[in-house]
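>>> model the following, please.
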Amino acid sequence: MKLVFATNNAHKLSEVRQILGPAFEVLSLSDIGCHEDIPETSDTLEGNALQKARYVSSRYGCDCFADDTGLEVNALGGAPGVHTARYAEQQGWGQTHDSDANMACLLHNLEKITQRGARFRTVIALIYKGEEHLVEGIVEGDILRERHGSHGFGYDPVFRPSGCDTAFAEMDADAKNAISHRGRATQKLADLLETLAAEVR
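Alright, predicted model coming up:
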């Protein structure tokens, strides 16, 4: 089955391809010649994922899916949330899509906070044969006081999932994908795609 993943993020693409496996041919936006800056103007993860999927589906006429992921920190009232990728910029630190700046900003804002519970939430919007579907993956954990590890991307060095002794960035890809928010959402996507494909046959 061939699908377009509405991203050019190499890390996300690699994770999703690994989780979905060889039964699915997952193309990136650049693979289909889409180089536009797709808008993400919703105030929810669900809205942003649907906005991106609809943009690609309507302009390129393909089955596609898009994701949006938010880090939700309890002590910050659920922030960064939809601003996760642009947290430093949103907080006035002047950096756009800069993981180091985002982590520095987060750790600064939590410096005097002892209750550091948080969750990562990934929402995937799928448009398949013109029908829209949503799946979600959540992993609970907490924010560490300093960075650990060099694997992964984004906030992985400062997020430790519940029941684990290490940050995401200290895990190899297989270990992370088995429990991560994106891994859980993508597995639900794979199950949904198998069901939908069986209905078409």
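
>>> need the phi and psi values for residue 70.
phi -130, psi 140 (degrees, to the nearest 10).

>>> I'd like the distance between it and residue 188.
Residue 70 sits 17 Å away from residue 188, taking Cβ to Cβ, to the nearest Å as the criterion. Heads up, the C-betas are built off the backbone N, CA and C, glycines and all.

>>> neighbour count winner among these two?
Shown here are residue 70 and residue 188; by other Cβ atoms under 10 Å, residue 70 has more neighbours (21 against 18).

>>> so that one makes contact with residue 81?
Yes: between residue 70 and residue 81 a contact is recorded at 4.6 Å, counting by Cβ atoms under 8 Å.

>>> which neighbours do the two have in common?
Residues touching both residue 70 and residue 81 (Cβ atoms under 8 Å, 6 or more residues apart in numbering) are residue 45.

>>> so who does the residue lying closest to residue 196 once chain neighbours are set aside touch?
Closest residue to residue 196 apart from its sequence neighbours, by Cβ to Cβ, 6 or more residues apart in numbering: residue 128 at 5.5 Å. By Cβ under 8 Å, 6+ apart, the contact set of residue 128 is 3, 63, 193, 196.

>>> swap in residue 180?
15, 120, 137, 139, 161, 168.

>>> same question, residue 152
Per Cβ under 8 Å, 6+ apart, neighbours of residue 152: 11, 168-169, 171, 176.

>>> could you measure from it over to residue 90?
From residue 152 over to residue 90 (counting by Cβ to Cβ), the distance is 22 Å.

>>> buried residues in the longest helix along the chain?
Secondary structure of the chain per DSSP state H: the longest helix is helix 181-200. Within helix 181-200, the residues that qualify as buried are 181-190, 192-193, 196, counting by 16 or more other Cβ atoms under 10 Å.

>>> do stretch 135-154 as well
135, 137, 139, 141-144, 147-148, 152, 154.
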